[in-house]
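Trainee: missing the sequence, but the structure's below:
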């Protein structure tokens with residue numbers, strides 16, 4: 001699919017909305033960005049400019065993000081895809097989708113970037129649920145290639161596949177999730193790992209920095225080259241089966257949050273925003289860490305850029 005003729009409407013000019021719009025514009029599409037709040041709208045040029053700087057985007061790309069004060073000025077007959085990126089509030093999302101259903105062409109897919117609210121709930125009661133789905137981007141959206149494409153029971157599979165094509169054209173890697181499920185795919189995998197990690201800390205087997213080192217510099221280091229299924233094929237399934245038979249009976253299967261996490265939340269230790277979580281933070285260390293984090297992601301993206309372009 002040629003992205004140069006693609007026109008996308010992104011509703012919500014916050015961090016995720018801006019970065020999603022930037023990825024489409026950088027790939028040659030036109031991304032109409034709708035932000036009704038004046039203060040947020042006035043901040044868009046500078047903040048999306050920072051994203052474009054990180055993408056080394058040209059002047060033409062920067063001009064392909066027209067900003068709209070309301071839905072009224074979006075050229076709906078020309079829109080090929082709508083992505084909602086407003087705050088995580090079910091009623092607000094439902095109200096918006098009522099408007100989108102009325103305004104967008106009948107064959108235009110309507111997607112939500114929600115990470116917590118499934119499209120089944122958002123689209124409940126609407127007449128064209130067959131074209132509604134989740135397109136769940138990961139932060140920072142301009143650097144993390146994967147986008148989960150989550151269908152409800154009502155979503156037409158052909159619509160989901162068409163959206164996957166648009167995402168590929170914008171340089172993303174679509175991940176199909178065939179049925180709506182809490183947490184979708186990636187967050188379920190992430191939380192399953194976190195449950196075991198926090199339990200190991202709680203039981204005194206290790207410290208948080210040991211968990212992070214084991215993942216980043218151990219098995220997680222390989223994940224940029226091969227996910228867990230492909231990696232097992234490399235290693236041999238019988239090796240994994242034997243190791244799993246030994247370990248599975250000892251895994252943490254609790255249905256509640258580990259005290260290692262819940263206790264910190266109860267104490268107000270929420271991470272960078274409060275100055276302490278699993279680590280202690282100052283404004284200086286936060287600034288350095290965020291710069292390191294994004295720099296490392298950008299370098300990782302460069303490693304797989306050629307592979308992404310060949311998809």
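Mentor: Cool, the structure landed. Computed from a predicted model, the values in this text were never measured in an experiment. Numbering: from 1, shown residues only.
Trainee: from here on, contacts and neighbour counts on C-alpha atoms
Mentor: Fine.
Trainee: Please state the offset of the lengthiest helix in the chain from the chain centre?
Mentor: The residue-count maximum for a helix in the chain (DSSP state H) belongs to helix 283-309. In terms of CA atoms, centre = their mean, to the nearest Å, the centre of helix 283-309 is set 16 Å apart from its chain centre.
Trainee: Ok, stretch 43-57 next?
Mentor: Distance, centroid of stretch 43-57 to centroid of chain: 19 Å (CA atoms, centre = their mean).
Trainee: circling back: tell me which other helices or strands the longest helix of the chain touches.
Mentor: Taking 3 or more CA pairs under 8 Å, 6 or more residues apart in numbering; DSSP states H and E as contact, there are no helices or strands that helix 283-309 lies on.
Trainee: tell me which residues in it are buried?
Mentor: Using 16 or more other CA atoms under 10 Å as the test for burial, helix 283-309 gives 298, 301.
Trainee: One more: stretch 177-188?
Mentor: Those would be 177-181, 184-186, for stretch 177-188 by 16+ other CA under 10 Å.
Trainee: Just send the residues you listed back as JSON lines, with secondary structure, pLDDT and distance to residue 285 too.
Mentor: Output for these, formatted as JSON lines (DSSP: H, G, I helix; E, B strand; the rest coil; pLDDT from 0 to 100; distance: CA to CA, whole Å):
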{"residue": "177", "secondary structure": "strand", "pLDDT": "97", "distance to residue 285": "37"}
{"residue": "178", "secondary structure": "coil", "pLDDT": "95", "distance to residue 285": "41"}
{"residue": "179", "secondary structure": "coil", "pLDDT": "93", "distance to residue 285": "41"}
{"residue": "180", "secondary structure": "coil", "pLDDT": "93", "distance to residue 285": "39"}
{"residue": "181", "secondary structure": "coil", "pLDDT": "93", "distance to residue 285": "37"}
{"residue": "184", "secondary structure": "coil", "pLDDT": "95", "distance to residue 285": "33"}
{"residue": "185", "secondary structure": "coil", "pLDDT": "95", "distance to residue 285": "32"}
{"residue": "186", "secondary structure": "helix", "pLDDT": "95", "distance to residue 285": "28"}
